[in-house]
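**Student:** Sequence isn't available, so here's the structure alone:
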């Protein structure tokens, strides 16, 4: 009997802590209470979750938007203290590091040595482990594929203490399941990342105005040999301004320049704005100003990589702009077959709803396959929107858009989701049952509980 | 005319020397949070490091990080520094490996569990041994070595907790009070021999040692603390509070009359 009643604080107690305020995802919705335990060392997992009763989940910076990094009433194992560099080969650019290191910390190390991330998401404040677990993508998806394409191997520690080296040759199934596996297959303790060479911090940037999806598709076709492409799109305008936007493209400058490290950002978003501030009128005004800020049809410039890749990182905690209620993200990938009509239909639906989204991003995904079993991107168009949460209106719109995504043969991105239903998820990712075989029985997330339900616990 | 333009030339040349010549640094307690943050800075500028800690796997990770960041030399020894009888051999081996010694950095220490230590002498003695007795043994050896050569910097992590006995952690505090007095006295003895001795007094810092303490999210950032410590060691300061405002805070706390202080819950 005594062995059954384990005190959850015994062995791990001195190195763990209940964190207040609660661990939040970037969308700040939903908010759940959880027991947060930080680890600093690879040897602390799985000991740190000895005796937990409601499951556990490895988490990093909490930059995914919805609930893939949350576990209601469970235990979150925060890995950001486990952030050491373990090795770097300057000849090949292969970096080995502990999984809690952030991409910002990797850049601080790599850029002065003439190396850069092979794939950059929209923020550098994510961990290496989180980037693998969500198999993130960036502006170079059409040529480089996802983050997981550049991870030759990593170590996975299961809750039974088994330590497994995973690569396309060693434990290939767990390798594939862990890339895009949402942290559910075990704890990634360290990983390798193949960095790419750069000789200059700057990007040759070009911004081109477009009106409508067809112009966007033309620009996409013309830019196949440009490394980075992404578009900002105005989703509030209708009529002749419908689907206007700015197509932004860039390549690393090839002329050698000074490779100084970046400075730390100084601005923090100072307060939570009241929910009503971001409404149709203010966002519409922002969109018109943003579109016309670029006066000419075509603008070229040399831009530092920081504002090019991480414009929002300049202001820490910018998510507070959305107030207490938080924000809801929506990102689909619709395959080429229905990409054009699907995108037009969804943009009409958004414009019709009158709900404001000013961080609207449109991009064409390429066909580089990901090693990840559950990876989100597929060849076609991806659109990312965010809405301040106004429960009835934004949830209804979101549910309609999710339904439309399904009808056009697309799927949604778990890292940005807080709403998709179990039938939708299982239709978007029919391989989920195969994936579930590799899931660690002790690990789960609020996302997984929501989209798979009781079957998520395969004890 | 204006005094602001008069610069002591020795300051800039000393700084230039600090920036250009790699230092040979011995770190005792290398897996402590504050020590590791300092190691990253030293490694990044290409210093030579000898790292000592008890846990082999953790020490290897810290050493790999230092090597990757650019330390010109990294060597380690796994040792339980509570065992003072091995200190002489260990220190001699480390200094041989480094080919000399510019900085000895003592970062060993445990917070312990005050409620246990209040009731059980064995627990109290353990804290005092690790935080006071073991450093005294190391410092005695290092002081002779450095004083003989009229060179070197000895930097010791003590704590603001040693400045006044408080009900919530006086066992730890007393070990640090003893350490502070010992290090201060040592400085007064061997500074004239050309050896810099630095007493470092951190306030509460966000590290694994303070994890779970109330208000930890407001504690000082370990990387910023490390920048101050590394700078102070380069300069050879005497007594360093990190972050700096703790000099003032502790002056206020020391000034509170005991008849008031004993009623507080600090």
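**Tutor:** Now that the structure is in, tell me what you want to look at. Model, not experiment: these values are computed from the prediction. Numbers count the residues shown, from 1 in each chain, chains lettered A, B, ... in the order given.

**Student:** Every contact and neighbour count from this point should use C-alpha atoms.
**Tutor:** OK.

**Student:** tell me the centre residue of chain B?
**Tutor:** What sits nearest the mean C-alpha location of chain B, by CA atoms, centre = their mean, is residue B:157, with 2.4 Å.

**Student:** thinking that one is in contact with residue B:131, fair?
**Tutor:** No: Residue B:157 lies out of contact with residue B:131 (CA atoms under 8 Å); the separation is 9.7 Å.

**Student:** Mutual contacts of these two, please.
**Tutor:** residue B:108 (CA atoms under 8 Å, 6 or more residues apart in numbering or on different chains).

**Student:** Tell me who's in contact with the closest residue to residue B:109 other than its chain neighbours.
**Tutor:** Nearest in space to residue B:109, with sequence neighbours left out and distances taken as CA to CA, 6 or more residues apart in numbering or on different chains, is residue B:131 at 4.8 Å. For residue B:131, the contact set (CA under 8 Å, 6+ apart) comprises B:108, B:109, B:110, B:172, B:175, B:176, B:179.

**Student:** Torsion angles phi and psi at residue B:131?
**Tutor:** phi -90, psi -20 (degrees, to the nearest 10).

**Student:** With the one 3 residues further on instead?
**Tutor:** When quoted as degrees, to the nearest 10, the phi and psi of residue B:134 stand at phi -60, psi -50.

**Student:** Kindly report the same for residue A:185.
**Tutor:** The phi/psi pair for residue A:185 (degrees, to the nearest 10) is phi -90, psi -10.

**Student:** from memory it sits against residue A:440, does it?
**Tutor:** Yes: counting by CA under 8 Å, residue A:185 touches residue A:440, with 4.8 Å between them.

**Student:** Helices of the stretch 151-266 of chain B, start to end?
**Tutor:** B:170-190, B:222-235, B:246-255, B:258-261 (DSSP state H, counting those that start in this stretch).

**Student:** Averaged pLDDT, the last one. What do you get?
**Tutor:** Looking at helix B:258-261 alone, the average pLDDT works out to 93.

**Student:** Please point out which parts of that helix sit buried.
**Tutor:** For helix B:258-261, burial by neighbour count (16 or more other CA atoms under 10 Å in any protein chain shown) applies to residue B:261.

**Student:** Any idea how far it is from the middle of the chain?
**Tutor:** 30 Å (CA atoms, centre = their mean, to the nearest Å).

**Student:** do the second one as well
**Tutor:** A distance of 11 Å separates the centroid of the chain from that of helix B:222-235, by CA atoms, centre = their mean.

**Student:** Go through the helices of the stretch 151-266 of chain B and pick out the most buried.
**Tutor:** Of these, the one with the most neighbours on average (mean count of other CA atoms under 10 Å in any protein chain shown) is helix B:170-190, at a mean of 20.

**Student:** residue boundaries of the helices in the stretch 1-150 of chain A?
**Tutor:** A:103-110, A:128-133, A:141-144.

**Student:** tell me the most buried of those helices?
**Tutor:** The most buried one of those (mean count of other CA under 10 Å) is helix A:128-133, showing a mean of 29.

**Student:** Go through the helices of the stretch 1-150 of chain A and name the closest to chain B.
**Tutor:** helix A:103-110 (7.5 Å; CA to the nearest CA).
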